[in-house]
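> Prediction below, plus the sequence it came from.
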Amino acid sequence: MKIFYSETHRQHEPPFEVFDGGLRVPYLENPDRMHRILNALRDVDWADMHAPTDFGLDPLLAVHDSEYLDFLASAWTEWLATHPKDPSTLLPATFALRRHPHKPKSLLGRAGYYIMDLSGCIVAGTYEAALASANCALSAAESVANGESAAFGLCRPPGHHAGKDYAGGYCFINNAAVAANWLSQKARSQKGRVAVLDVDYHCGNGTQDIFYDRDDVLTISIHADPNHEYPSYMGYADERGAGQGLGFHHNFPLPAGTDDDAYLKTLEQALQNIREFDPKYLVISAGMDIYADDPLGTIKVTTAGIGEIAEQIASLKIPTTIIMEGGYANEMLGKNMLEFLLPFV
Ligand SMILES: [Zn+2]
């Protein structure tokens, strides 16, 4: 299996985050996560590692707001220029309620407009890391478009919480959405469509936001009930798409304690939605924080359960681009990711 990975992610390592009202060190979404997965991949003979191709900004601008990308590109330089005494990380202290129309000129004002929570810390290498991560996703998508049955974008930072014009949940550029949109352009000439299935523990709110009014990209997210879990304001079952996209988005919120059997029953409903849509390409947002011992999770899926989930998805036999999202039980992250990839090899 072709796997696309870039060491550039190491440039994004915020010194802390604020979580549940306290300071958390280290930042939970840290470079060690990639180290664990790479170590596991070294033990198998099917991992065909590649550096990503640079696709430029056009595929990113096709799903993200250009002023938002400008903000990501210049935020750190502006931060150093305006706050030279405390440059450790750019993190806003106020957050925009988007029901108000004004976008302020100050950097911190814009940061509060474009960042939805306290995990969206920007440091010197955040933008470069996010670009490289998106290129890993695009490179995996390209190899699937060129005939591979599956490919893996080993992306960091993750992407599925990043919307058209906002960062959050450790995410800055929505890798899965960028890949899915790129594939949808490829599929269009062949009258084909694309489905995105998000199995991360958290709702893929950014992916939902980006494709909400489109009928050519089906988006499905299976996740912890947002009544009790991040991202709190999206991910409810009655969110079904809008306009032309009505009926082309599905959320499957799950209660805390959901085990392998209950998860697989819900997955079967999602897979039935995908079969009916009959996409030419499938993109998976693969978050391993559904694992029972994940420090952020309350769902109780085992390592064997992760393998069974992947087995069921692979049985669709649709060319599949797998995108790395969350997963914070670092000591098991390599093993869990291998288990997920194996049915696609
Ligand atoms: Zn997650």
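In hand now; what should we look at?

> host element of Ala140?
helix 126-145 (DSSP states H and E).

> If you count contacts, what does that helix end up packed against?
Secondary-structure packing of helix 126-145 (3 or more Cβ pairs under 8 Å, 6 or more residues apart in numbering; DSSP states H and E): strand 2-4, helix 58-61, helix 66-82, strand 150-153, helix 175-188, strand 281-286, strand 320-324. From N, CA and C alone the C-beta is placed, and that goes for glycine too.

> and the last one, does that touch the ion?
No: counting by Cβ under 5 Å from the ion, no contacts exist between strand 320-324 and the ion, the nearest distance being 11.0 Å.

> same thing with the fifth one?
No: judged by Cβ under 5 Å from the ion, helix 175-188 makes no contact with the ion; its nearest approach is 12.4 Å.

> right, and the secondary structure at the residue nearest to Leu131 when sequence neighbours are not counted would be what?
Distances taken as Cβ to Cβ, 6 or more residues apart in numbering place Ile173 nearest to Leu131, at 7.1 Å, with adjacent residues excluded. Following DSSP: H, G, I helix; E, B strand; the rest coil, the label given to Ile173 is coil.

> Check Met49 too.
Applying three-state DSSP: Met49 is strand.

> Give the closest residue to it in space, chain neighbours not counted.
Ile3 (5.3 Å).

> which strand residues sit across from that neighbour in the sheet?
Beta-bridge partners of Ile3, counted by DSSP bridges, are Met49, Phe152.

> can you pull the contacts of it?
Contacts for Ile3 (Cβ atoms under 8 Å, 6 or more residues apart in numbering) come out as Leu41, Ala47, Asp48, Met49, His50, Ala140, Ala151, Phe152, Leu154.

> Pro87 versus that one, what's the distance?
35 Å (Cβ to Cβ, to the nearest Å).

> For this protein, which residue gets nearest to the ion?
Gly326 (3.0 Å; Cβ to the ion).

> pretty sure that residue is touching Glu29, no?
Yes: between Gly326 and Glu29 there is a contact at 7.3 Å, judged by Cβ atoms under 8 Å.

> between these two, what contacts are shared?
Residues touching both Gly326 and Glu29 by Cβ under 8 Å, 6+ apart: Pro158, Tyr170.

> neighbour count winner among those two?
With neighbours defined as other Cβ atoms under 10 Å, Gly326 and Glu29 compare such that Gly326 has more, 26 against 23.

> Tell me how far that one lies from Lys280.
Taking Cβ to Cβ, one finds Gly326 at 27 Å from Lys280.

> Then Ser143?
From Ser143 to Lys280 the distance is 15 Å (Cβ to Cβ).
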